[in-house]
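[1] please find the sequence and the predicted model below.
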Amino acid sequence: MRPPPNSAFQTSLRVWWGGALALALMALACLQAVPGVDGVRLLIRATARSSLLFFLLAYTAQAAVVTWPGAWSSWQRRHRRQWGWLFVSSHTVHAAGIVALALMAPDLFNTLAPLGNRITGGLAYVFIWAMGLTSFDRSARWLGPVWWARLHTWGLHYIWLSFLVANGKRIAAQPLYAVPTLLLLAALGWRLWASRQKARQVMRQNPGLPA
Ligand code: HEM
């Protein structure tokens, strides 16, 4: 994976502002609608879902352009940095909800998020914030293309796995969690399929290359 070219770095922030506003309104609505600890839990669940939406938009942006070139896919691809920032923003609100829950109801927090979950989830946050901080022109240049690609490739797949586990483990209690779980598996399949298609296109354009 390569850092996005400079032109993509300079795309408008309008998508981010729109998404951030929707995120803020959603957070306020959760806390207003249900007072106390239950409102904070609602906020944690709502942001987990908005984060998944933004994550999937970023995760499938390249695959969309390869498999269905067109106006929508190029719009999705052009704004992939904004999807990434919106994902980081949404998951930072998830973290704020987690801290609030730990302070307001420590026993409930320990039951809902045992130590193992906090360690694996904490590592995901290291990736999330490191990826967010290196998604600016200057910080991406500072990191260099090789480390940028390593961080963003490993981070993306660790976050994908975190979503898969967080949703998959809830299916037994609530079968509807199969929907996000299947979406995540489909997104991975789509990326793999698109990268094969891309490799074939390159081979067709350069018949001299070794297979
Ligand atoms: C230290 C890190 C984390 C902690 C302590 C934590 C804690 C929690 C808690 C307590 C809930 C349940 C809220 C409730 O049912 O009342 C929850 C839900 C969830 N979290 Fe996190 N979380 C962490 C990181 C993450 C990460 C990194 C991801 C994914 C990348 C994630 C995805 C989810 C999902 C998908 C749900 C289920 C939301 C739903 O019900 O639809 N969490 N989290």
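    Thanks, I have the structure now.
[2] middle-most residue in this structure, spatially?
    residue 55 (2.6 Å; C-alpha atoms, centre = their mean).
[3] what pLDDT does residue 209 get?
    We have a pLDDT of 69 for residue 209.
[4] check which helix or strand covers the residue nearest to the centre of the chain.
    helix 37-59 (DSSP states H and E).
[5] what sits up against that helix?
    19, 22-23, 26-27, 30-34, 76, 79-80, 83-84, 86-87, 90-91, 93-94, 97-98, 100-101, 104-105, 108, 156, 159-160, 163, 166-167, 180, 183-184, 187, 191 (C-beta atoms under 8 Å, 6 or more residues apart in numbering). Yep, even glycine has a C-beta here, placed from its N, CA and C like the rest.
[6] next one: stretch 95-110
    With C-beta under 8 Å, 6+ apart as the test, stretch 95-110 has contacts from 36, 37, 40, 41, 43, 44, 47, 112, 113, 125.
[7] go again with 7 Å.
    37, 40, 41, 43, 44, 47, 125 (C-beta atoms under 7 Å, 6 or more residues apart in numbering).
[8] ok, now stretch 61-77?
    57, 80, 83, 190, 191, 194, 197, 198.
[9] same question for stretch 111-122.
    For stretch 111-122, the surrounding residues in contact (C-beta under 7 Å, 6+ apart) are residue 162.
[10] count the residues that sit near residue 83.
    Neighbours of residue 83 under the rule other C-beta atoms under 10 Å: 23.
[11] near the ligand, which residues of the chain?
    Proximity of the chain to the ligand (C-beta under 6 Å from any ligand atom) is limited to residues 41, 44-45, 48-49, 94, 98, 112-113, 117-118, 121-122, 124, 159, 162-163, 166-167.
[12] which pLDDT value belongs to the residue nearest to residue 91 when sequence neighbours are not counted?
    Closest residue in space to residue 91, ignoring its immediate chain neighbours: residue 51 at 4.6 Å, by C-beta to C-beta, 6 or more residues apart in numbering. Note for residue 51: predicted pLDDT of 98.
[13] equivalent analysis for the one 5 residues further on, please.
    If you check residue 56, the pLDDT there is 98.
[14] buried residues, the longest helix belonging to the chain. List them.
    Selection of the longest helix in the chain by residue count, based on DSSP state H, yields helix 178-205. Across helix 178-205, burial judged by 16 or more other C-beta atoms under 10 Å covers 180, 181, 184, 187, 188, 190, 191, 194.
[15] switch those residues over to CSV; also include pLDDT.
    Below are those laid out as CSV (pLDDT from 0 to 100):
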residue, pLDDT
180, 98
181, 98
184, 98
187, 98
188, 98
190, 98
191, 97
194, 96
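[16] can you tell me which of those is nearest the ligand?
    Of all the buried residues of helix 178-205, the ligand sits closest to residue 180, with 6.9 Å by C-beta to the nearest ligand atom.
[17] appreciated, that's everything.
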